[in-house]
Each structure stands twice: as C-alpha cells, then as structure tokens.
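Novice: quick one, what's the 3D model for this:
(one chain, ligands or ions: 1)
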Amino acid sequence: MQIEIPEKVNRIISTLAAAGYEAYAVGGCVRDALLGREPADWDITTSASPYQVKALFARTIDTGIQHGTVTVMLGKEGFEVTTYRLDGEYEDCRHPKEVVFTKSLLEDLKRRDFTINAMAYNEERGLVDEFDGVGDLKRGIIRCVGEARERFQEDALRMLRAVRFAAQLGFVLDEQTKQAICELRENLRKVSAERIQTELVKLLVSPHPERLLEAWETGMTAVVLPEFDACMACEQNNPHHSYSVGVHTIKSMGEVEADKVLRLTMLFHDFGKPQAKTTDANGIDHFRGHQKISEELAGGILRRLKFDNETIRQVKKLVSCHDDHPARTPAGVRRAVNRIGTDLFPMYLKVQRADIMAQNPATREDKLAKLYVVTELYEQILKEKDCVTLKQMVITGRDLMMEGIPAGPGLGEVLSKLLDLVIEDPKRNEKTWLLAKAKEIYKASRE
Ligand SMILES: Nc1ccn([C@@H]2O[C@H](COP(=O)(O)OP(=O)(O)OP(=O)(O)O)[C@@H](O)[C@H]2O)c(=O)n1
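Specialist: Residues are numbered from 1 along each chain as shown. Next up is the predicted model:
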C-alpha cells in the first residue's frame, strides 16, 4: 500500500536514515493519507534520540524535548520528530511521568491509542500495520490497541477521542472499547479542561455532531457535561415539540453548518429548560424564562472548559436571544439588529432556523414563514445600509451625564429608548433634539 508523503517529510526521514536511524511518518497522518483525507500535520517517529535529531538539522525547537519530541523547522513549517518510546503512568493525563525510550518501532506503536492511529510508513519499508489498522479503517471501527482498559488508564482523554474520531470519520466503537469507556469514564475528571475543550469542539464541528449521544450513552457527558444529561431526561409535552430537550438539541446541531460558535450555541440554547419547566393543569409543559437560564449555564460551562472570551461572548449572546421574535416591520428588525449586534445577527437567523427545524414538523411552517419575512427585511436593511447602531448615534452616555442624568442602568435605558426613536426616523439623529428628548424620558421615568 502506497502513501504520498510530502517532500519535506521525506527529506527528514531520509536525513535520519542516512545517519543510520530508522524513521517513519506515524499516527494520524498515515490514517488520514490512507483515507484520502488531507492530514492536518505530519508526525515522524524515529530510533534517534532527541539530541541525535537535533544534531542533524540546522533549526529545531526543543520545547517538547523532555517528552522525547524535537520540532524540526524546514522553512516556515515545523515537523514533530519523536523518539520511539514506551508508555508509562501518566502524571497529568497527557505525558508519561517518565519517558522511557525504546529501540523498537513496534513498542512505540503498541503504546498508541487506536489501531487506526498506530500505523507507520516510510518509502523503503512501506506500511507498518501490526494491529490491523487498515482492516479497521475498511470496517469503520474505532478499536484500542491491545487492552482497552490499559490504553484508557494511561490517558483518560482517549475515551473522548474515541467518540470524536467516530464522529469525524463516521465510524462505530468496537464493543470492548465501548465497555472500557463505561467502566473508566470517571477518570475523565483528572483531565485538564483545555484538553476536554479541544475534543468537544472537534466532535461538535465534525460531520456527525449527533454522536455526542454516544458520549452520553457511555456516561461521559455525566462527568464532563452533566447539564446535557439533564436535557436528555427532560421531556417536553408541548405542541411545538416532538422530542426531549436533549434530542431536540442534538437535532438542532445538525441543522447548522460545522461552525464552532453555531454548534455550541445549538448545544446550549435550551440547557435552561430542565430548570425552567412547569406543567399546567392540562399537562402541557412550559419553559418560561429558559433563555436567561440557558445563557447563564452556557457562560458557566464555557468558562469551566476554559474557552476564550470572544467565543463566550458570542455564544452567550446568541443563546440569550435565540427565541426572540422581532416585530416583522423594518423598524422592528432594525431594533433587533441593534440589540443582537450587526456581527451576530446573520448567525441569529441561522440559530432561529435550526431551532425551528428541530421542532415539531406540524407547527414548523408558520414559524418558518415568519422567519422568512424577518430575513427579507434584514436583507433590505443591508441593501439600504441605514442600520443605525449606538455607535452611530450623534450623542453618547457622556453627553447625557453632562445634562445631569446620572450614570447607571437608568442612563442605559434612556439611550436605548433614544436609539429606538432614531431607528423609527433617522432624521431624529440630531444633537439638540436628542438631548431634549433624553431629559423628557428621564423625567418621565422618575415620576
Ligand atoms: N491521547 C493520545 C493522543 C495521541 N496519541 C497518538 O499520537 C498521534 C498524534 O496525536 P494527535 O495529533 O493528537 O492526533 P491525530 O491522530 O493526529 O488526529 P488529529 O490531528 O485529528 O487530532 C495519534 O495518532 C496517536 O497515535 C495517542 O496514542 N494518545
């Protein structure tokens, strides 16, 4: 079986070989190349020690040297070259406490997580596939190398990786691998939030975000995302819904494109429902105020998983308005654009559509028709380019304070009412008129 290896990777392998060392492309790149996917990066494994690798190349980066990895720089590109090693006990669930080097490629492949990730290749020897990785690629199976429990005890994150690869490749989990996850899922508590975040995002933006259900079935979400389990247990007896909150959530993720913010928003948009649920005398469930609770939960979870501030801002904002329905008039839609933000409004429309599509098909048409009108009005506004934002108003909060309106929520409210007036009629965006109106509004609010 032949793989096309990039010229620079071949150059590194042949430089090592000419110096008498073994070297192979290894892991994810071999898997992806065999699948006809573009590998994200090319990793190399070698019998040379990190210092022997360093001695052979002009430019290297040593930050991973204590784990046996040297990054070789060729031009602007960096390639990780790792010395053959065994696996030991993992201190931080990421790197073995002590690196034990080996002279054997087989030992190095044995320590890897899944059969499809445990193949090596160089042009001289061809494919090295000791654990039938090719067979598992053909059958579409994620299977641990050797004893699954051992692989997961070495690094608990691998349990989440198993589902992530299944979602990315459309594969199924091997039974023994799945069983070991059910047994060892609690170990995920030891894994850092950043590593969980990486796997969760890869799973969500994959072609199969619905495979999150497998993380739920095996008990992993109960450990890393218990709020999702609460949604799975929350039925919705309501004319708009045919599924539990959890299943609706999963369906809605499949209705948006593979974008991190959109998929996270769909995942979290109804997380507040289990807390907000009330049932009326007719047995119909209501979820008043769930948006606010969902927004708070989303913010807390994203912070817990160490997401960056901008992602948190966008997701929280979209969750906080996912169920808003602007008045279907030009002024109503302009107001909504200002409230939600010109940057996020196109995403809000996608979120609305996905939410509706994942609801009861019988009540969907009417909602879609209304959303269509809002979308049309928004497109009209874009064409006219006359969407006023707070920034474009000719007065600011400071001007109002100069007029004696004290800083605080009251001032924000006056500003927002002024903005509404300007949106209704852009000719009102004039300083004298606005200041007089501001005083009037403030006075009325105190009476
Ligand atoms: N917890 C881990 C992480 C990685 N690996 C091994 O290291 C290789 C490279 O890891 P990584 O770059 O994280 O994953 P890839 O398989 O390359 O996949 P992706 O780039 O999609 O993350 C994997 O193929 C696997 O052989 C492992 O055994 N256990």
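Novice: from now on I want contacts and neighbour counts done on CA atoms only, so please keep to that.
Specialist: OK.
Novice: who's in contact with the residue positioned nearest the centre of the chain?
Specialist: Centre of the chain computed as the mean C-alpha position; nearest residue by Cα atoms, centre = their mean is residue 201, 2.8 Å away. Contacts for residue 201 (Cα atoms under 8 Å, 6 or more residues apart in numbering) come out as residue 260.
Novice: cool, the one 10 residues further on as well?
Specialist: By Cα under 8 Å, 6+ apart, the residues touching residue 211 are 163, 166-167, 203.
Novice: going by neighbour count, which of those comes out on top?
Specialist: Using other Cα atoms under 10 Å as the neighbour criterion, residue 163 leads those with 26 neighbours.
Novice: give me the element that one is part of.
Specialist: helix 157-169 (DSSP states H and E).
Novice: list the helices and strands that helix packs on?
Specialist: strand 141-142, helix 148-154, strand 172-173, helix 193-204, helix 212-217 (3 or more Cα pairs under 8 Å, 6 or more residues apart in numbering; DSSP states H and E).
Novice: in JSON lines, list those along with mean pLDDT and distance to the ligand.
Specialist: Formatted as JSON lines, these follow (pLDDT from 0 to 100; distance: least, Cα to the nearest ligand atom, whole Å):
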{"stretch": "strand 141-142", "mean pLDDT": "98", "distance to the ligand": "12"}
{"stretch": "helix 148-154", "mean pLDDT": "95", "distance to the ligand": "8"}
{"stretch": "strand 172-173", "mean pLDDT": "98", "distance to the ligand": "16"}
{"stretch": "helix 193-204", "mean pLDDT": "98", "distance to the ligand": "8"}
{"stretch": "helix 212-217", "mean pLDDT": "98", "distance to the ligand": "17"}
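Novice: name the helix or strand of the protein that has the lowest mean pLDDT.
Specialist: helix 409-424 (a mean of 83; mean pLDDT, DSSP states H and E).
Novice: what is that helix packed up against?
Specialist: Other helices and strands packing on helix 409-424, by 3+ Cα pairs under 8 Å, 6+ apart, are helix 330-340, helix 397-402, helix 431-446.
Novice: now the strands for the stretch 1-150 of the chain?
Specialist: Secondary structure of the stretch 1-150 of the chain (DSSP state E, counting those that start in this stretch): strands at 23-26, 43-46, 60-61, 69-74, 77-83, 120-122, 126-128, 141-142.
Novice: which one of the helices and strands packed on helix 157-169 is the most hemmed in?
Specialist: Highest mean neighbour count among the helices and strands packed on helix 157-169 (mean count of other Cα atoms under 10 Å): strand 141-142, with a mean of 26.
Novice: sheet partners, orientation included, of that one?
Specialist: strand 172-173 (parallel) (DSSP bridges).
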